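**Q** Sharing a model that was predicted from the sequence below.
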Amino acid sequence: MIEIDPKPLNGKRAKGFALDVHTIQSKLTGADEFGHLMFDSERSPMGEALYYLKYRFDKNKAVDIAETVSDFIKNAWPDLDSIDYIVPVPPSNLSRPFQPVQEVARIVSDTLGIHLSVGDLVKKAQTPQLKDLHDEDERLSILSDAFEIKSRNLEDKHILLFDDLLGSGATLRTIIDVLYDKAGVRLVSVLVLTRKRKR
């Protein structure tokens, strides 16, 4: 089990939890040959597991993360019985050998017996990595038509929206609006593995 320090998330249209911060501290070490800033980061235990899953493609970390997520949902989530579907945020990087968020969500779905939805909410337009954009209006503009609903399966259901990292929240806010306004869901709850530290 991975050690976590969950914090509540309270948005206008959805509530939920971030299981931990992603990094505890980061020190700028310079830039690479492409001008991208490089950091020496100390990550939380969940942040470290997520790093190895996403960037070192260590699929064993998906099992460790999913075990922790399942335990948290089972023992600390107030509305477990009313969750109808786990909906992983659609991937932004399709070149990975596997999709980390979907992989963890699949294991959690199997463990808890909650339906998994990977085809009902889709990303219809590729967008740049939002972590590289610092203007909130620009993020929201890019995301405004990026997602669509492909079926009526989610209508009047309680959805657990699942993602790996909460940054500005623009992606989650956009998807939450799509789920309520276009899919007709009854309730959206949010669970993210890690969140960026507040500055």
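**A** In hand now; what should we look at? Numbers count the residues shown, from 1 in each chain.
**Q** Could you pick out the longest helix of the chain?
**A** If you go by DSSP state H, the chain has its longest helix at helix 60-76.
**Q** Show me what it is packed against.
**A** With contacts defined as 3 or more C-beta pairs under 8 Å, 6 or more residues apart in numbering; DSSP states H and E, helix 60-76 has these neighbours: helix 45-55, helix 100-112, strand 187-195. Yep, even glycine has a C-beta here, placed from its N, CA and C like the rest.
**Q** Show residues contacting the second one.
**A** Helix 100-112 has contacts (C-beta atoms under 8 Å, 6 or more residues apart in numbering) with 50, 53-54, 59, 62-63, 65-67, 69-70, 73-74, 80, 86, 88-89, 91, 114-116, 118, 162-164, 193.
**Q** ok, now with 6 Å
**A** Taking contacts as C-beta atoms under 6 Å, 6 or more residues apart in numbering, the residues outside helix 100-112 that touch it are 53-54, 62, 65-66, 69-70, 86, 88-89, 116, 118, 162, 164.
**Q** can you list those residues in CSV and add neighbour count and pLDDT?
**A** As requested, those are exported to CSV (neighbours: other C-beta atoms under 10 Å; pLDDT from 0 to 100):
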residue, neighbour count, pLDDT
53, 24, 97
54, 17, 94
62, 23, 98
65, 24, 99
66, 20, 98
69, 25, 98
70, 18, 97
86, 24, 98
88, 24, 98
89, 21, 96
116, 17, 98
118, 17, 94
162, 24, 98
164, 20, 97
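**Q** out of these, which one sits closest to residue 126?
**A** Comparing those against residue 126 with C-beta to C-beta picks out residue 89 as the nearest, at 14.3 Å.
**Q** For the closest one, give its distance to residue 103.
**A** Remark: distance between residue 89 and residue 103 (C-beta to C-beta, to the nearest Å) = 13 Å.
**Q** Now list whatever residues contact both of these two.
**A** Common contact partners of residue 89 and residue 103 (C-beta under 6 Å, 6+ apart): none.
**Q** count of neighbours near residue 40?
**A** Residue 40 has 10 neighbours, counted by other C-beta atoms under 10 Å.
**Q** Run the angle between the host helix or strand of it and strand 187-195 for me.
**A** For residue 40, the element it lies in under DSSP states H and E is strand 37-43. Between the axis of strand 37-43 and that of strand 187-195 there is an angle of 100 degrees, by axes from the mean of the first three to the mean of the last three C-alpha atoms, to 10 degrees.
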